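In: here is my input; please provide its structure:
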Amino acid sequence: MHPKLITIGSFTIYTYGFFIAAAFLLGMSWTMREARYRGLNPKLVSDLGFYLILGGILGARLLYVLINPRYFLEHPLEIFMFWKGGLVFLGGAIVGAICGYVFLRKRNQPLWPWLDAVAPGLALGQAVGRLGCFAAGCCYGRKCTLPWAVTFTHPDSLAPLYVPLHPTQIYHSLAGLVTFIFLLVAKKRLKGSGQLMGLFLILYAFFRFSIEFFRGDYRGSIGILSVTQILALGLFILGLWVIYKRRA
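Out: Presented below is the predicted three-dimensional model:
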């Protein structure tokens with residue numbers, strides 16, 4: 001809708017980058033709150049957040065590039081221009097999780113309580129960050145005639161112009177908000193350490209798999225499913241396994 005938030009001469013702040021930064025800051029802030037609640041050291045959140053952000057951006061951009069190889073072979077310099085749009089959450093989650101795991105092990109921190117502390121912040125960050133996708137026009141939906149269809153008109157938008165589309169970015173944002181609320185309600189009822197992260201994985205995978213059917217951008221395919229749907233199925237199974245194995 002509005003890819004560029006502020007432009008002063010040659011200086012530009014992209015709306016996508018602004019919301020991604022806001023998502024990380026809010027996610028880290030809430031994780032500090034959860035860390036205190038669970039008796040963990042909240043001062044470690046900033047260091048942990050650095051590893052999660054670094055791994056998240058690298059992984060999210062890498063997966064986006066891998067599922068759009070033709071475009072980036074023709075425009076190789078744009079591989080590094082992630083602030084304009086083009087991050088796949090699942091790629092970021094995988095690489096970010098690896099970086100976070102290494103950090104926690106080096107600091108001799110308990111893994112499962114930290115995973116529970118991080119889960120609500122991830123959902124909150126997704127709810128905010130997807131607004132950046134909406135502004136940039138990435139992760140756009142299929143054509144539709146529903147009353148809430150959106151039409152992109154900005155020439156710098158990554159979505160097709162002047163075509164009514166499913167607002168899948170808003171679907172994703174609402175899914176993140178619903179997941180966040182579910183986690184807050186469930187955190188006092190799930191007794192096993194790690195189960196809150198398991199619930200996050202299940203909810204995220206369910207929403208992601210479902211919303212993919214309304215997406216219009218290319219995300220790779222394996223048969224009738226997209227690459228991200230295959231990954232979402234894997235996360236759903238992992239979430240079920242975590243809840244079962246970490247039951248009190």
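In: which ones are touching the most centrally placed residue in the chain?
Out: Nearest residue to the geometric centre of the chain (CA atoms, centre = their mean): residue 89, 3.7 Å. Residues near residue 89 by CB atoms under 8 Å, 6 or more residues apart in numbering: 60, 126, 208. In short, each C-beta sits where N, CA and C put it, glycine included.
In: could you flag which of these are buried?
Out: The neighbour count (16 or more other CB atoms under 10 Å) marks 60, 126, 208 as buried among the contacts of residue 89.
In: returning to that earlier point: mind giving me CSV with the contacts of residue 89 and columns for pLDDT, distance to residue 101 and secondary structure?
Out: Converted to CSV, the contacts of residue 89 look like this (pLDDT from 0 to 100; distance: CB to CB, whole Å; DSSP: H, G, I helix; E, B strand; the rest coil):
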residue, pLDDT, distance to residue 101, secondary structure
60, 80, 17, helix
126, 93, 20, helix
208, 94, 22, helix
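In: between these, which sits nearest residue 194?
Out: residue 126 (19.9 Å; CB to CB).
In: my guess is the closest one contacts residue 174. True?
Out: No - if you go by CB atoms under 8 Å, residue 126 and residue 174 don't touch, sitting 10.2 Å apart.
In: at which residues are the helices of this protein located?
Out: Taking DSSP state H, the helices of the chain run over residues 15-37, 44-66, 69-74, 89-106, 111-136, 168-186, 195-211, 227-245.
In: quick check: which of these is nearest to residue 1?
Out: Per CB to CB, nearest to residue 1 of the helices of the chain: helix 111-136, 5.4 Å.
In: can you mark which positions in that closest one are buried?
Out: With burial defined by 16+ other CB under 10 Å, the residues of helix 111-136 counted as buried are 112-136.
In: same deal with stretch 146-156?
Out: Going by neighbour count (16+ other CB under 10 Å), the buried part of stretch 146-156 is 150, 152.
In: could I have it exported to CSV, CA atoms only?
Out: C-alpha atoms of stretch 146-156 as CSV (Å, rounded to 0.1, in the frame of the first residue of the first chain):
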residue,chain,number,x,y,z
LEU,A,146,-14.9,-10.5,-1.4
PRO,A,147,-15.9,-7.2,0.2
TRP,A,148,-12.6,-7.0,2.1
ALA,A,149,-10.4,-7.5,-1.0
VAL,A,150,-7.6,-5.0,-1.4
THR,A,151,-6.2,-3.3,-4.5
PHE,A,152,-2.6,-2.2,-4.7
THR,A,153,-2.0,0.9,-6.7
HIS,A,154,1.5,2.1,-5.7
PRO,A,155,4.0,1.6,-8.5
ASP,A,156,6.7,0.3,-6.1
